[in-house]
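# Sharing a model that was predicted from the sequence below.
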Amino acid sequence: MPPSPSRRTLLLAAVTTPLALSATPSHAADAYDTLRLTWRDLVLGTGFTPTAEPYATKLAALGATARDLRSTMAPASGSLWPDLPYADPEPDTDAESYTYSGNLNTSYNRLRTMAEAYAQPGTGLTGDTTLRAEILTGLDHLHDQAYNASQARYGNWYNWQIGIPQALLDIDVLLYDHLGAARIAEHCAAVDHFVPNSAVANYTGTSTGANRVDLCRVLALRGVIGKSSAKLALARDALSPVFPYVTSGDGLYADGSFIQHLYVPYAGSYGAVMLGGLSLLFALLKGSAWEVTDSGRQIVFDSVEKAYAPFLFNGLAMDGVSGRAISRGVQKADTRAIRQDDHLRGHAVIACVALLARSASAAEKARWDGMVKGWIARDYYSPVLSSPALGVAALSRLKAVADGTSPALAEPVGHRLFPGMDRAVHRRPGWAAAVSMASNRITYYENGNGENLRAWHSGSGMLYWWGSDFANGQYSDNFWPTVDPCWLPGTTASRKPLADGEGGVWGVARPDVRWVGGATDGTYAAVGQYLKGLSSTLMAKKSWFFLDDAVVCLGAGIHGRDGTGVESVVENRNLGADGVHGFTVDGSAQSTTPGWSATLTGARWAHIAGHAGYVFPGGATVKALRQARTGAWSDINKGAVTDPVTRRYLTLWFDHGTDPTWATYAYVLMPGASAAQTSARAADTGWLTVLANTNDHQGVRVPSLGFTGVNFWFGGTAGAVTASAPASVMIRESGGTASVCVSGPLRDGAAIDVTWSRPVSSVTSKDPSVQVIATGSALKLRVTPGTLGAVHKAVVQLG
């Protein structure tokens with residue numbers, strides 16, 4: 001079973017919250033000592049001034065924490081600190097045992113914090129011999145009573161195999177010269193007992209993806225501390241199964257997807273841990289006899305731009321690929337509260353990229369340094385170089401990049417589909433958007449360990465968006481504990497009451513649908529989701545057409561028999577603690593008073609000042625509400641703080657009524673648009689043609705962009721496009737040519753015939769999976785789509 005958030009946070013902190021310069025260690029006498037000193041440099045950092053900010057403040061805070069910990073440490077039977085009993089009277093794997101094993105893990109991490117304060121300059125405890133003696137006393141106490149070669153594990157496997165040994169081995173590196181041979185032997189025997197070679201014998205269960213990398217780190221450091229070539233070789237070789245692309249289950253996919261726990265998109269959390277672990281191990285072993293030379297490691301390097309960078313925007317890591325980590329806003333973690341949000345998760349990923357660059361090619365390093373420099377420059381909401389998520393060493397590495405000669409790279413423009421995890425990301429100058437969907441392959445949401453209890457509908461077509469220089473704190477600013485979980489923006493959901501953790505833990509809840517996917521030429525896109533609600537009779541067909549300054553959103557076939565209302569949310573904007581952003585409908589300013597509500601009949605457009613415009617083609621009846629909502633992080637995460645927080649929201653939605661029958665909606669989202677631009681778009685009735693919005697087909701045409709997009713839920717015709725079977729089709733005309741892009745979201749591999757009733761003189765290029773059946777008065781292609789949801793493309797010369 002996966003670890004609790006604080007433990008996972010501590011693990012990622014090994015990359016992003018390392019130590020600083022330390023007392024001079026002994027010199028290397030052999031290859032193992034060289035590796036030990038390399039690891040010490042990686043986690044302690046080099047080349048910074050400890051009296052300069054932000055280092056000085058962080059070092060002083062570390063010293064204060066360590067002083068508090070040493071003052072309360074009181075070795076006793078079954079505990080090292082009175083508030084952390086670890087002796088389990090009934091050892092098993094129930095919730096109580098999880099608590100006891102977690103307390104043991106926390107005890108070791110407290111000792112690691114004290115060791116960090118001993119090693120760091122500027123802590124007020126640097127080189128303190130009394131502190132060192134107290135740490136060694138604590139290590140011996142925990143070893144004798146709990147973590148030794150004769151102890152049976154209980155509670156959470158993660159604590160015994162990853163959390164505790166990583167903390168223990170880090171301490172051993174920091175205090176190596178003062179351990180003595182007997183203590184080193186005891187520690188190695190304990191690690192061998194809980195993390196035997198068999199832990200990496202098979203790539204399955206809890207030994208895949210990020211977890212496998214974590215285990216390899218334990219084995220590698222065990223090899224370093226115990227001077228074992230065999231352990232180091234095993235750690236290196238056991239990384240190899242992590243590298244190849246997968247087509248199901250955990251790991252990296254060729255399309256850039258990253259999955260953990262079989263069904264959960266996780267680039268922003270577990271993926272970051274995996275990237276961080278690999279960056280550390282590559283750097284540790286580089287140039288040694290155990291260097292990672294498997295050619296598959298190039299997939300890891302490629303993942304920076306394929307799997308991670310697409311989900312980083314202005315320094316934040318998008319919530320749609322962060323799983324249950326989105327519920328960890330302010331956690332109770334040992335003696336303090338730890339804050340986490342999309343920006344702080346993004347900072348951790350950026351730090352990992354900067355470290356991995358040390359092991360990459362010169363061209364990759366130069367490119368990544370430019371990307372990192374750009375993210376640092378653009379994160380106005382949560383500045384990277386003063387990030388509370390990063391420690392001294394990570395900050396020093398990032399500061400070196402920021403001060404370097406590589407030019408800062410801008411955010412890329414384009415569209416990326418991730419069929420392996422039912423996600424799509426759209427980037428334009430000035431804004432970015434992302435949509436999260438669910439299928440029989442990908443969960444609605446993940447909960448577990450009491451986390452993320454109410455994100456039920458986050459996979460029901462949630463549409464996130466951010467501006468280039470505005471609204472970057474939309475989901476960072478206490479969004480998840482205060483938002484109405486049935487009103488996530490972009491979603492269609494039933495008001496049927498759901499239990500906390502509805503559907504089961506670790507992402508097991510998945511809809512029995514296959515049609516989720518889309519087609520893109522890399523600039524624009526057609527994306528669709530056949531939605532079935534969680535524990536609900538709700539069904540809907542949802543489509544998004546991602547364009548240059550807008551996203552066209554269609555819904556059809558909205559049908560439910562839960563005996564409750566069904567709603568499609570146009571927008572639910574977090575206005576902050578006291579926001580009174582103006583709201584205009586068809587030119588008329590609406591009330592800014594919290595509690596105001598209205599039914600807007602025949603509305604053609606709406607605008608939220610400082611955020612976006614919304615156009616309703618042909619007019620629509622929508623509802624609007626301003627409200628202040630209060631919640632606590634503990635409402636959605638049992639390990640979080642209970643302090644209440646309040647945020648104001650402005651919500652705009654379609655009310656389909658109770659038990660709707662084949663309801664529909666249509667609207668256009670225009671991020672960053674002014675009221676005048678929104679009004680002009682609504683008045684330009686020729687800009688958009690809705691070709692179909694039914695249970696069978698959804699499609700649009702935008703002549704000014706040469707864009708046609710159709711999602712065929714069943715074979716048929718929409719406008720000038722015909723498909724013989726379910727398909728997503730996107731066509732873009734430009735300068736006498738056109739790109740025709742097709743995918744088969746059912747993933748059954750069956751051939752799809754696509755006809756475009758448009759004169760075409762020739763096909764100038766095509767993917768091998770595309771067969772030309774006819775040109776002339778109409779184009780007819782036969783596409784063999786495969787089973788991975790990939791897009792297949794042909795470029796044609798218009799007749």
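Looks like it came in fine.
# Would you mind listing the residues in contact with Val330?
Ala337, Ile338, Arg339, Gln340, Trp633, Ala640, Val641, Asp643 (C-beta atoms under 8 Å, 6 or more residues apart in numbering). (Each C-beta comes from the backbone N, C-alpha and C, glycine too.)
# Report the buried members of those.
Ile338, Gln340, Trp633, Ala640, Val641 (16 or more other C-beta atoms under 10 Å).
# and the last one, how far is that from Thr99?
Right, Val641. From Val641 across to Thr99, the span is 18 Å (C-beta to C-beta, to the nearest Å).
# cool, the fourth one as well?
From Ala640 across to Thr99, the span is 16 Å (C-beta to C-beta).
# and what of Tyr381?
Applying C-beta to C-beta to Tyr381 and Thr99 gives a distance of 36 Å.
# okay, those two: which has more neighbours?
Shown here are Tyr381 and Thr99; by other C-beta atoms under 10 Å, Tyr381 has more neighbours (20 against 16).
# Make sure the more buried one is indeed in a strand.
No - under DSSP: H, G, I helix; E, B strand; the rest coil, Tyr381 falls outside any strand and is assigned coil.
# In strands only, show me the buried ones among the contacts of Val330.
Judged by DSSP state E, the subset of these located in strands is Ile338.
# Specify which member of the buried ones among the contacts of Val330 is nearest to Gly744.
Set against Gly744, the nearest of those by C-beta to C-beta is Gln340 (38.5 Å).
# In this structure that closest one contacts Gln331, no?
Yes - contact criterion C-beta atoms under 8 Å: Gln340 and Gln331 qualify, at 6.9 Å.
# can you give me the helices in the stretch 401-550 of the chain?
Secondary structure of the stretch 401-550 of the chain (DSSP state H, counting those that start in this stretch): helices at 479-482.
# where does the residue nearest to Val200 when sequence neighbours are not counted land on pLDDT?
Closest residue in space to Val200, ignoring its immediate chain neighbours: Ala238 at 3.8 Å, by C-beta to C-beta, 6 or more residues apart in numbering. You'll see Ala238 listed with a pLDDT of 98.
# same question, Ser361
97.
# State the distance from it to Gln298.
9 Å.
# hang on, the earlier thing: of the contacts of Val330, just say which sits nearest to Trp605.
Trp633 (36.1 Å).
# Not counting its neighbours along the chain, what's nearest that closest one?
In space, Trp633 is closest to Ala640, 3.5 Å off (C-beta to C-beta, 6+ apart).
# who's that neighbour bridged to?
On the basis of DSSP bridges, Ala640 is bridged to Gln331.
# my read: it touches Asn478, true?
No - Ala640 lies out of contact with Asn478 (C-beta under 8 Å); the separation is 11.3 Å.
# Mutual contacts of these two, please.
Gly329.
# Share the number of residues neighbouring Ala410, please.
13.
# wait, it sits on Gly374?
Yes - counting by C-beta under 8 Å, Ala410 touches Gly374, with 6.2 Å between them.
# gap between Phe545 and Ser97?
In terms of C-beta to C-beta, Phe545 sits 51 Å off from Ser97.
# out of these two, which sits in the busier spot?
Taking neighbours as other C-beta under 10 Å, Phe545 and Ser97 compare with Phe545 leading, 28 against 18.
# For that one, list each beta-bridge partner.
For Phe545, the beta-bridge partners are Ala526, Val552 (DSSP bridges).
# if I pick the residue nearest to Val200, what's in contact with it?
Neighbours of Ala238 in contact, by C-beta under 8 Å, 6+ apart: Val200, Arg212, Leu215, Cys216, Leu219.
# can you pull the contacts of Asp753?
Ala723, Ser724, Ala725, Ile773, Lys780, Leu781, Arg782, Val783.
# Pull the contacting residues for the fifth one.
It stands for Lys780. Taking C-beta under 8 Å, 6+ apart as the test, what Lys780 contacts is Asp753, Val754, Thr755, Trp756, Val772, Ile773, Ala774.
# What about those residues, which are in strands?
Asp753, Val754, Thr755, Trp756, Val772, Ile773, Ala774.
# Could you export these to a markdown table, including columns for distance to Pro244 and pLDDT?
Below are these laid out as a markdown table (distance: C-beta to C-beta, whole Å; pLDDT from 0 to 100):
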| residue | distance to Pro244 | pLDDT |
| --- | --- | --- |
| Asp753 | 34 | 98 |
| Val754 | 33 | 98 |
| Thr755 | 38 | 98 |
| Trp756 | 38 | 98 |
| Val772 | 34 | 98 |
| Ile773 | 36 | 98 |
| Ala774 | 40 | 98 |
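# Show me the shaky parts of the chain.
Within the chain, the ranges that satisfy pLDDT under 70 run 1-26, 335.
# Roughly how far does Ala628 sit from Arg648?
5 Å.
# Which neighbours do these two have in common?
Common neighbours of Ala628 and Arg648 (C-beta under 8 Å, 6+ apart) are Pro594.
# Please say which of those two ends up with more neighbours.
Arg648 (20 against 15).
# roughly how far apart are the residue nearest to Trp633 and Arg328?
7 Å.
# what residues are shared contacts of these two?
Counting by C-beta under 8 Å, 6+ apart, the residues touching both Ala640 and Arg328 are Trp633.
# Can you tell me the SS state at the nearest residue to Gly744 once chain neighbours are set aside?
Spatial nearest neighbour of Gly744, chain neighbours left out: Pro785 (3.0 Å); criterion: C-beta to C-beta, 6+ apart. Secondary structure assignment for Pro785 (three-state DSSP): coil.
# and stretch 632-640, how far apart are its ends?
8 Å (C-alpha to C-alpha, to the nearest Å).
# residues near the nearest residue to Thr491 once chain neighbours are set aside, how many?
Nearest residue to Thr491, sequence neighbours excluded (C-beta to C-beta, 6+ apart): Ser460, at 4.4 Å. Neighbours of Ser460 under the rule other C-beta under 10 Å: 30.
# and Ala133, how many neighbours does it have?
Residues near Ala133, counting by other C-beta under 10 Å: 11.
# Might you report the residue contacts of Ser327?
By C-beta under 8 Å, 6+ apart, the contact list for Ser327 reads Glu451, Asn452, Leu453, Ala455, Trp480, Trp633, Ile636, Asn637, Ala640.
# Just want to check the distance between it and Ser279.
26 Å.
# just Glu364 next, same as before
13 Å.
# And for Thr651?
According to C-beta to C-beta, Thr651 and Ser279 sit 41 Å apart.
# and the two? which has more neighbours close in?
With neighbours defined as other C-beta under 10 Å, Thr651 and Ser279 compare such that Ser279 has more, 25 against 21.
# give me the element that one is part of.
helix 270-285 (DSSP states H and E).
# What's the first helix or strand after that helix?
Past helix 270-285, the next helix or strand by DSSP H and E is helix 297-303.
# Could you list the residues in contact with that following helix?
Contacts for helix 297-303 (C-beta under 8 Å, 6+ apart): 239, 242-245, 252, 256, 258, 275, 278, 282, 356, 360-361, 364.
# Which two of those have the greatest separation?
Most distant of the contacts of helix 297-303, by C-beta to C-beta, are Phe258 and Ser361, 22.0 Å apart.
# between the two, which one's more packed in?
Taking neighbours as other C-beta under 10 Å, Phe258 and Ser361 compare with Phe258 leading, 31 against 11.
# For the closest residue to Ser458 other than its chain neighbours, grab phi and psi.
In space, Ser458 comes closest to Tyr445 once its chain neighbours are excluded; the distance is 4.9 Å by C-beta to C-beta, 6+ apart. Note on Tyr445: its backbone torsions stand at phi -170, psi 160 [degrees, to the nearest 10].
# so Tyr445 makes contact with Leu453?
No - taking contacts as C-beta under 8 Å, Tyr445 lies outside contact range of Leu453: 9.6 Å.
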